[in-house]
Every structure is written in structure tokens, then in C-alpha cells.
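Q: Below: sequence and its predicted model.
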Amino acid sequence: MTEEAQASVEEIESARRLFAGRCDFVWGATSAQNLPAEKLDEVAFVGRSNAGKSSLVNALTGRKALARVSQTPGATRQINFFDLGGQLMLVDLPGYGFAKRSKMEAAQWQEMIFVYLRGRARLRRVALLIDARRGAMDSDRQVMELLDRTAVSYLLVLTKVDELDKAALDQSRAGATAEAANHTAALQQVILTSTLSGTGIPDLRAHLASLGR
């Protein structure tokens, strides 16, 4: 479900085959100094802690445990790289905005995320995940402003949409659409997703798969 036309049946099927194929963990960067060499075009998943990044990576690839999913916000402590069929590198970044870590640790994580986002020549797209129940927050806007400055195009992806009724979902979508319109590097498309119901997963696959062609 998107703000623009959905992908064609052919695009959705081609993307389904790509994401159902080989997807291998290849690197876990624990600091800004040990990011891997860029061998493939990359798409990155970024968002606040507990926005559902790892769950979304698993849903896209049809796997239960490709990316680690934790009930504890802020549990992911490294940038994880997954080779998708030799065509794309899926990059799962640590969540930001989790208050229960020390200020020093939170600052280190944020710096690692920001170094990655502003320094990767083959970063084709960022999927910026926003919990549909909460909408964009100041920490999200800080990342958007960084991406605007570095001209890295990004797509707003609303997560956990199954937890909202129609009125609340319409309001959340309108808010995300208005937010995207305020940022120069944001795509005007907004994709609504649920890892439980599968909403939006085929369209997001098709969007990302088109970047690896």
C-alpha cells in the first residue's frame, strides 16, 4: 500500500524471486573504522530503536532469523551487511534514539550510523523506518536532515500499521507524506508495512530490487 501506484505484477514477482534467493551475512561493523569495502550497491534500513528494522529485513527475505530480532530496544550494536544474491547489499543499522544506554555509548552508535550514511559511495537508497503509531520524531528528522545534506535519497517506511485502525492509519500516512514533502532528499512515495500481515512487503521488495538492476 503506497501513496503512488503500486508495482506491477511482473516487478513484484521478479523482486519476490530475488529476495527468496541467497542472502548471506557477510560483515558486522562495530565501529566507523571497520566498515567493509563497497562491492555492491547498498540499501540501508535505519530508524529509531524498536522501529522494526530487523523484523522488516527478515520479512523481506522470507526468513525468521536472518537479522537478529530482540524484544529489547537498542539491542543491535553493529551495522550488519547481507549480500542479496550478488545484486544488492542489505544493510541493517543499529537503532538510534534509545535513552537507556549511556550518553557515551549512544553518541558512539550515532557517530557510526552517521559516518556510514554520509560516506558510502554506493549507497543507493535508505529506507527510513517510522513506527506508524508514533510518527516522525525529532531524532528521525535529524537523520533526514543529514541525508538531505548529503543528497542520499531515502524512502519513508511506516511500520506496524496493523496496530492502527483506519482513521489513525490515514492520519499517520498523511503525517509521513507531509514530512517527506519538507525534505529535499526524501522520495514522495510512502510505503506502509506490517511484518505480521505482510502489508506493503511486496511493494517494498519491488522498490528495492529495482535499484540492483
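A: Thanks, I have it.

Q: hey, let's count contacts and neighbours off CA atoms from now on
A: Fine.

Q: Within its sheet, name the partner strands of the longest strand seen in the chain and how each one runs.
A: What stands out as the longest strand in the chain, according to DSSP state E, is strand 123-131. Strands adjacent to strand 123-131 in the sheet, as given by DSSP bridges, are strand 42-47 (parallel), strand 154-159 (parallel).

Q: With residue 80 as the reference, name the closest of those.
A: With respect to residue 80, and counting by Cα to Cα, the nearest of those is strand 42-47 at 9.7 Å.

Q: Nearest residue to residue 31 in space, ignoring adjacent ones along the chain?
A: In space, and not counting its chain neighbours, residue 31 is closest to residue 112: 5.8 Å by Cα to Cα, 6 or more residues apart in numbering.

Q: which residues does residue 59 contact?
A: The contact partners of residue 59, taken as Cα atoms under 8 Å, 6 or more residues apart in numbering, are 195, 198, 201.

Q: Can you give me the buried ones in the worst-scoring helix or strand of the chain on mean pLDDT?
A: The least trusted helix or strand in the chain, going by mean pLDDT, DSSP states H and E, turns out to be helix 103-119, with a mean of 79. Using 16 or more other Cα atoms under 10 Å as the test for burial, helix 103-119 gives 106, 109-110, 112-113, 116-117.

Q: what does it rub up against?
A: Applying Cα under 8 Å, 6+ apart, the contact partners of helix 103-119 are 31-32, 35, 77, 79, 93-94, 96-99, 123, 146-147, 150, 152.

Q: Now, of those residues, which are buried?
A: Buried positions within the contacts of helix 103-119, assessed by neighbour count (16+ other Cα under 10 Å), are 31-32, 35, 79, 93-94, 96-98, 123, 147, 152.

Q: out of those, which are inside helices?
A: Counted as lying in helices by DSSP state H, out of these, are residue 147.

Q: ok, of the contacts of residue 59, which come out buried?
A: Applying 16+ other Cα under 10 Å to these, the neighbour count classes 195, 201 as buried.

Q: Next up, the contacts around residue 32.
A: Residue 32 neighbours (Cα under 8 Å, 6+ apart): 111-113, 115-116.

Q: between these, which is nearest residue 17?
A: Ranked by distance to residue 17 (Cα to Cα), the contacts of residue 32 are led by residue 116 at 28.6 Å.

Q: That closest one and residue 169: what is the separation?
A: Separation of residue 116 from residue 169 (Cα to Cα, to the nearest Å) stands at 32 Å.

Q: cool, and residue 52?
A: Separation of residue 52 from residue 169 (Cα to Cα) stands at 17 Å.

Q: Of these two, which one has the most company?
A: Per other Cα atoms under 10 Å, whichever of residue 52 and residue 169 has more neighbours is residue 52, with 24 against 18.

Q: Which residue is the nearest non-sequential neighbour of that one?
A: Excluding its sequence neighbours, the residue lying closest to residue 52 (Cα to Cα, 6+ apart) is residue 159, at 6.8 Å.

Q: Surely the one you found and residue 192 touch.
A: Yes - using Cα atoms under 8 Å, residue 159 makes contact with residue 192 at a distance of 6.3 Å.

Q: residue contacts, the nearest residue in space to residue 41 that is not next to it in sequence?
A: In this structure, residue 41 finds its nearest non-sequential neighbour in residue 122, 4.9 Å apart by Cα to Cα, 6+ apart. Contact analysis of residue 122 by Cα under 8 Å, 6+ apart lists 38, 40-42.
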